[in-house]
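> Predicted model and sequence below, questions to follow.
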Amino acid sequence: MAADSAHGDFLYQYKDIVGVTQVGRLVDPDTRVCINLPEVLPEGMTSAFHPENQTDATATVWTGADCTGDYTTMNPFTTLPDSQLLRSVIFS
């Protein structure tokens with residue numbers, strides 16, 4: 001059975017290997033599956049920050065990979081501050 005999708009973009013910021021802030025984007029992400037943010041998974045990379053949930057689904061952002069650690073729930077079309085760190089997200 002195929003996963004359903006949230007409609008819209010989920011944006012986040014992260015520092016690249018030389019410390020420059022970049023923007024990551026998930027487009028129409030699947031729902032009910034944990035999504036690891038690929039830019040912050042390699043060992044030694046800092047967490048992503050400043051998530052923007054511009055989808056029509058609720059997003060739960062997690063501080064650890066594989067939807068582990070502390071979490072915060074984001075309503076559709078909301079933004080959290082730079083202090084919100086994340087490495088994975090799940091949409092519902």
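Perfect, thanks for sending it. Residues are numbered from 1 along each chain as shown.

> Which SSE is immediately downstream of whichever strand or helix holds residue 62?
Element membership of residue 62, judged by DSSP states H and E, is strand 59-64. Counting by DSSP H and E, the next helix or strand C-terminal to strand 59-64 is strand 68-74.

> any residues touching whatever helix or strand comes next after that following strand, and which ones?
Sequence-wise, the next helix or strand downstream of strand 68-74 (DSSP H and E) is strand 78-79. Residues outside strand 78-79 that contact it (Cβ atoms under 8 Å, 6 or more residues apart in numbering) are 50-53. Any C-beta I mention is one placed from the backbone N, CA and C, and that applies to glycine too.

> Sheet-wise, list the partners of strand 78-79 with their directions.
Strands that pair with strand 78-79, judged by DSSP bridges, come out as strand 48-55 (antiparallel).

> Now residue 14: closest residue in space that isn't a chain neighbour?
What sits nearest to residue 14 in space, not counting adjacent residues and going by Cβ to Cβ, 6 or more residues apart in numbering, is residue 48, at 4.3 Å.

> buried stuff in stretch 35-49?
Buried residues in stretch 35-49, defined by neighbour count with 16 or more other Cβ atoms under 10 Å: 35, 37, 39-40, 45, 47-49.
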